[in-house]
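Undergrad: below: sequence and its predicted model.
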Amino acid sequence: MITSTWKNLVVETQFANELTLTGLRRLSAVPTDPVEAMYGSDDQNYALHVGMYSYSSGLERLCKLAIACHGYVTTGEFPELQKYSHKIGKLLDAVADLSLEGFGSSKYRSKYLVRPDGDFEKELTATVLRFAQGSGRYEHLDSLWKDKAEVKTYEEWCELAAKAKDSVSAEVHGLIALKESLANVIESEMINLELESTHESMRPDLEIQLYKPSVGVMLSLFRMVRWVSTILDVVTDSPHHDEAQSYRIMNLPTLGEVVAVSFIHSSVDFFNFQIARFSDDEVVKEELDEAYKRMGEREMDEDDDGVEVCQARGATNLDEIGSAFDFLPK
């Protein structure tokens, strides 16, 4: 019989998982240079606060779940968590202090059990901490009545993004480019099917632009979540070394079944599955290639000179269209 504790743990983990994932997706869409931003303005910068609010709340809850479940498995009681409040740094340190001796772990999971703790990660944690404790979450409202209120979350994010932009791998660059091609292809195909008005309902999601510097910061935030999620997975999946107490783990749901799908991946796979949302990027490339050929053929029918075969790809003939994705990782 499923207990209320079992249900509460599952629901809380699902809640934390979706909050965190939503935050990471929004943070990928934060423009750090108005010149590169859509419409050349800063009207998309609010995505930073949406993303940080969701991410910091999700990370806080995942940390508390890991601490709570570890305490139950090793002592038979859930520890009191209110003392941690919204102190992300204290929570991350507490997770790092959890002893995993006696817990099993596959080689696949064990490589993610090391805390990301470089200088950049410490700066990033400080920014998340400042936001989570209220200084960032309410900075715009506080500025209305506090003369010395600091509104600096966006400034801090841009500084972090400038440091992280070169850390984005070639594979992720390719996936960003692939995703950017989707909106143009789908619009053309829907118009050809005489579903132009139907397409309007899809347009906002398809046209969300990703910014490489912010993607770099987002992936560092993801790796922090992956570490916490892997610990939560291990703690709720492996019997404790004390056989007299191992029955306790049987009373807990295997919470890795919730978080693993979202977070226990390599950085490239996480971006592929959860940000770009491709089930198989190689198949997507093939489908887009074929779609671009159809687009080119349609435009050639409309233009006898065949000059503007496919504006989005800069191609001038069908041979170029066929190899337009050669730059993407194989």
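TA: It's in.

Undergrad: how confident was the prediction at Glu308?
TA: We have a pLDDT of 45 for Glu308.

Undergrad: tell me where the model's unsure across this protein.
TA: For the chain, applying pLDDT under 70 flags the ranges 1-2, 34-41, 106-107, 238-250, 302-330.

Undergrad: residues near the closest residue to Leu232 other than its chain neighbours, how many?
TA: Setting aside the residues directly before and after it, Leu232 is nearest to Ala66 in space (Cβ to Cβ, 6 or more residues apart in numbering), at 4.4 Å. Yep, even glycine has a C-beta here, placed from its N, CA and C like the rest. For Ala66, the count of nearby residues is 26 (other Cβ atoms under 10 Å).

Undergrad: now the one 4 residues further on
TA: Here the number of neighbours of His70 (other Cβ under 10 Å) works out to 25.

Undergrad: again with Leu193
TA: Counted with other Cβ under 10 Å, residues neighbouring Leu193 total 10.

Undergrad: next one: phi and psi at it?
TA: Phi and psi for Leu193, reported as degrees, to the nearest 10, are phi -90, psi 10.

Undergrad: buried residues, the helix or strand harbouring Ser57. List them.
TA: In the assignment (DSSP states H and E), Ser57 maps to helix 47-75. Buried residues in helix 47-75, counting neighbours by 16 or more other Cβ atoms under 10 Å, are found at 47-74.

Undergrad: likewise for stretch 160-178?
TA: When burial is assessed from 16+ other Cβ under 10 Å, stretch 160-178 yields the following buried residues: 160-161, 163-165, 167-168, 171-172, 174-176, 178.

Undergrad: now Asp233. Nearest residue, chain neighbours left out?
TA: For Asp233, the spatially nearest residue (Cβ to Cβ, 6+ apart) is Gly256, at 2.9 Å.

Undergrad: isn't Pro23 up against Leu48?
TA: Rather than Pro, residue 23 is Gly. No - between Gly23 and Leu48 no contact is recorded; they are 10.3 Å apart, counting by Cβ atoms under 8 Å.

Undergrad: so Ser214 lies in a helix, does it not?
TA: Yes - residue state for Ser214 (DSSP: H, G, I helix; E, B strand; the rest coil) corresponds to a helix.

Undergrad: show me the contacts for it.
TA: The neighbourhood of Ser214, defined by Cβ atoms under 8 Å, 6 or more residues apart in numbering, consists of 27-32, 157, 161.

Undergrad: switch the cut-off to 10 Å
TA: Ser214 makes contact with 26-32, 47-48, 51, 157-158, 160-161, 164-165, 168, according to Cβ atoms under 10 Å, 6 or more residues apart in numbering.

Undergrad: what about these, which are in helices?
TA: 26-27, 47-48, 51, 157-158, 160-161, 164 (DSSP state H).

Undergrad: just to revisit the earlier point, quick check: which helices or strands does the helix holding Ser57 pack against?
TA: Counting contacts by 3 or more Cβ pairs under 10 Å, 6 or more residues apart in numbering; DSSP states H and E, the secondary-structure elements packed against helix 47-75 are helix 4-27, helix 88-96, helix 119-132, helix 153-164, helix 212-237, helix 247-250, helix 256-263.

Undergrad: tabulate these (JSON lines), appending distance to Ile275.
TA: What follows is the helices and strands packed on helix 47-75, written out as JSON lines (distance: least, Cβ to Cβ, whole Å):
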{"stretch": "helix 4-27", "distance to Ile275": "6"}
{"stretch": "helix 88-96", "distance to Ile275": "22"}
{"stretch": "helix 119-132", "distance to Ile275": "18"}
{"stretch": "helix 153-164", "distance to Ile275": "15"}
{"stretch": "helix 212-237", "distance to Ile275": "8"}
{"stretch": "helix 247-250", "distance to Ile275": "33"}
{"stretch": "helix 256-263", "distance to Ile275": "11"}
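
Undergrad: which of the ones you listed sits most buried?
TA: Among the helices and strands packed on helix 47-75, the stretch with the highest mean neighbour count (mean count of other Cβ atoms under 10 Å) is helix 212-237, at a mean of 25.

Undergrad: tell me what angle that one forms with helix 153-164.
TA: Angle, helix 212-237 to helix 153-164, by axes from the mean of the first three to the mean of the last three Cα atoms, to 10 degrees: 90 degrees.

Undergrad: how far off centre is helix 212-237?
TA: 9 Å (Cα atoms, centre = their mean, to the nearest Å).

Undergrad: host element of Phe270?
TA: Using DSSP H and E, the secondary-structure element containing Phe270 is helix 267-270.

Undergrad: typo on my end, Glu187
TA: Secondary structure here is read from DSSP H and E; on that basis Glu187 sits in helix 170-192.

Undergrad: next: Pro253.
TA: Counting by DSSP H and E, there is no helix or strand that carries Pro253.

Undergrad: test my guess that it contacts Leu9.
TA: Yes - contact between Pro253 and Leu9 holds when scored by Cβ atoms under 10 Å: they sit 5.6 Å apart.

Undergrad: what's the overlap in contacts for the two?
TA: When contacts are counted by Cβ under 10 Å, 6+ apart, Pro253 and Leu9 are jointly contacted by 3, 69, 236.
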